[in-house]
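1. make a model of this:
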Amino acid sequence: MNMSDKRVYLYDSTLRDGQQTQGVDFSAADKTAIAKALDELSIDYIEGGWPGANPTDDAFFANPPKLKNSKLTAFGMTRRAGRSASNDPGLTTLAQSAPIVCMVGKSWDFQVTEALGIELSENLAMISESIAHLKSQVSEVMFDAEHFFDGYKANRDYALAAIKAAYEAGARWVVLCDTNGGTLPDEIFDIVTDVCTHVPGGNVGIHCHNDTENAVANSLAAVRAGVRQVQGTLNGLGERCGNANLISIIPTLMLKMGYDVGISHEQLTHLRRISHILDERLNREPTRQAAYVGDSAFAHKGGLHVSAVEKNPACYEHIEPELVGNQRHILVSDQAGRSNILARFREIGVEVDPKSDAVGKLVEAVKQREFDGYAYDGAEASFELLARKALGELDRYFRVTSFRVIDERRWVDEQDEQVITMSEATVKVVVGDGQFMSVAEGNGPVNALDAALRKVLLTVPEYVEAVQQIELIDYKVRIITRGDGTRAVTRVMIESRDAEGNSWSTVGVSTNIIEASYNALRDSITYKLFKSGVRSQHA
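-> Numbering: from 1, shown residues only. A predicted model of the protein is given here:
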């Protein structure tokens, strides 16, 4: 097979299929931002939505984004039964919306007779006439054969007749849809192989849903069998269990199977960032275990694994993480050995003699602290502080000699409906040669404690700029029960961010939730001061 035969075209349907995801509701502005990200990646086709179906899609197509690398596509359906193609308002709207259109139609005889309630021959006419009509008005038409694989298994001849009607009427692409998501990779391969003897593979596409967790595998099997267009969504967004995940499909086709998908290797390094752009738009945390782009995709925790990775990353990594814009993470935990610690030292820029006693002591300290409830594989900032302190590289910026937190809840009416809740914190802090006391209120004990501590630190000129930048963006609490259940330990994880967008996580552990919170909070402030190059006042 020469390189021209290895060209696979990508079709993204995030803006339509993705919007059918439970809890997802794109605005026109969201759609424009996502389309621009897809254009940056040079996805061949970007399906903008279904014009005429809802106000958001109408607004998007009324002011479409200017794309440099991708082609905007409008989605719709074949003409209605009993109506001519030239007199169908849906087709008219499609033709006016985008230079490329994709129409969905039935290819399963059961759906034709049950869902549409029409004759099988009328459905074939709807497909053929709709394609031919739009072919004369737009630059490119494609046909999504809905329920194709179920239809093929129920009535092979009719399913093939449906896609041949579309192809012979002028469809550039005939797309085979596993609409219910229940077909398996071996079935996909066999059926697509047969299809490509009736319609050239260079005109056949695949559209898979993930109801058996096989959407990516099914798409790859279809490509092996001959299709040259793959439809999917960013991060596998889609109704029910989602659609085929283009974020996984793209690097697999490029790096594993040797196909040309119209994306350069330099563009591929933006894959993780573009995956995260979608999550940011949805205001949700990226999936840590996501293939290729997740935070855990190249994270190594076991000491044996890390030792091997240090010698050659190929021992436990299937590709170089930088190829997809990711990076290697060496996690530190109670499974850590000397290799983990040394690798983490290199990541944070600490030079240390591998045979140093400090390394061995730090390994044991980490294991003991994780036994006590700490978790450093999710709190890299706290680990770095622990390590630098063990190596004598970290002075104390401040010392809290005591703190007190009071929570007050008052009911101000006889019906107990109006409630005032207030937290107040008092802290005593030593900075350099000075001793300070501060009181602050907050909307909770941790917020009050944070406010009181900052009041003191903001009186120190050297600390002001760094402390002002710190923003607490996430706070997680987990109760860890030990032994017979009578020893409850609280672990608090705090995520912070500064004005440049840098984020870091810290951990605190105690049998008291406020004490645990303070420990994580102290580490967060200390880490920012250290990273900002602030000189300690030697508390």
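2. quick check, central residue of this structure?
-> Centroid check for the chain by C-alpha atoms, centre = their mean gives P286 as the closest residue, at 3.7 Å.
3. quick check, that one in a strand?
-> No: using DSSP: H, G, I helix; E, B strand; the rest coil, the assignment for P286 is coil, not a strand.
4. I'd like the distance between it and G90.
-> Distance from P286 to G90, counting by C-beta to C-beta, to the nearest Å: 37 Å. Where C-beta positions appear, they are placed from N, C-alpha and C, glycine not excepted.
5. over to G105?
-> For G105, the distance to G90 - C-beta to C-beta - is 12 Å.
6. list the contacts of I420.
-> 408-410, 412 (C-beta atoms under 8 Å, 6 or more residues apart in numbering).
7. try 6 Å this time
-> Each residue near I420 by C-beta atoms under 6 Å, 6 or more residues apart in numbering is listed here: R410.
8. what lines up beside the one helix or strand it maps to in the sheet?
-> Using DSSP states H and E, I420 maps to strand 419-431. Looking at strand 419-431 with DSSP bridges, its partner strands are strand 399-411 (antiparallel), strand 434-442 (antiparallel).
9. name the surrounding residues that touch the longest one.
-> Just to be clear, that refers to strand 399-411. Here strand 399-411 makes contact (C-beta under 6 Å, 6+ apart) with 419-430, 445, 449, 514, 539.
10. which of the residues you listed are buried?
-> 423-430, 445, 449, 514, 539 (16 or more other C-beta atoms under 10 Å).
11. can you pick out the most distant pair from these?
-> Maximum pairwise distance among these (C-beta to C-beta): 25.5 Å, between S423 and A539.
12. can you show me the strands along the stretch 401-539 of the chain?
-> Using DSSP state E, counting those that start in this stretch, the strands of the stretch 401-539 of the chain run over residues 419-431, 434-442, 471-482, 487-497, 503-510.
13. right, and P251 touches Y292 too?
-> Yes: shown here, P251 and Y292 form a contact pair, counting by C-beta atoms under 6 Å, at 5.2 Å.
14. quick check: buried residues in the longest helix seen in the chain?
-> Counting by DSSP state H, the longest helix found in the chain is helix 513-531. For helix 513-531, the neighbour count (16+ other C-beta under 10 Å) marks 513-514, 516-530 as buried.
15. what's the answer for stretch 106-121, then?
-> Neighbour-count burial for stretch 106-121 [16+ other C-beta under 10 Å]: 106-109, 111-112, 116, 118.
16. now do stretch 440-454
-> Across stretch 440-454, burial judged by 16+ other C-beta under 10 Å covers 440, 442, 445-454.
17. quick one: which of the residues you listed is nearest Y316?
-> The closest of the buried residues of stretch 440-454 to Y316 turns out to be V446 (C-beta to C-beta; 38.3 Å).
18. show me the contacts for that closest one.
-> By C-beta under 6 Å, 6+ apart, the residues touching V446 are S517.
19. how much space between it and T490?
-> 12 Å.
20. what do you get for A365?
-> In terms of C-beta to C-beta, A365 sits 21 Å off from T490.
21. ok, now F60?
-> 47 Å.
22. name the helix or strand for F61, please.
-> helix 55-62.
23. nope, G170 is what I was after
-> For G170, there is no enclosing helix or strand under DSSP H and E.
24. ok, now the one 5 residues further on?
-> In this assignment (DSSP H and E), V175 forms part of strand 173-178.
25. for that strand, packing partners?
-> strand 140-146, helix 148-154, helix 156-168, strand 204-208 (3 or more C-beta pairs under 6 Å, 6 or more residues apart in numbering; DSSP states H and E).
26. what residues does the longest one touch?
-> Right, helix 156-168. The set of residues external to helix 156-168 that reach it, using C-beta under 6 Å, 6+ apart, is 107, 109, 124, 127-128, 131, 143, 145, 148, 151-152, 174, 198-199.
27. buried subset of those residues as a ChimeraX selection?
-> Buried members of the contacts of helix 156-168, defined by 16+ other C-beta under 10 Å, are picked up in ChimeraX with:
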select :107,109,124,127,128,131,143,145,148,151,152,174,199
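28. quickly name whichever of the contacts of helix 156-168 is closest to N214.
-> F148 (15.7 Å).
29. isn't the closest one right up against T179?
-> No: using C-beta under 6 Å, F148 is not in contact with T179, being 7.8 Å away.
30. now do the strands in the stretch 1-150 of the chain.
-> Going by DSSP E, counting those that start in this stretch, the stretch 1-150 of the chain shows strands at 9-12, 45-49, 71-77, 100-106, 140-146.
31. what angle sits between the strand holding I420 and helix 513-531?
-> Here strand 419-431 points in a direction 50 degrees away from that of helix 513-531 (axes from the mean of the first three to the mean of the last three C-alpha atoms, to 10 degrees).
32. how about low-confidence regions in the stretch 301-450 of the chain?
-> By pLDDT under 70, the low-scoring segments of the stretch 301-450 of the chain are 301-311, 330-341, 343-344, 347, 377-378.
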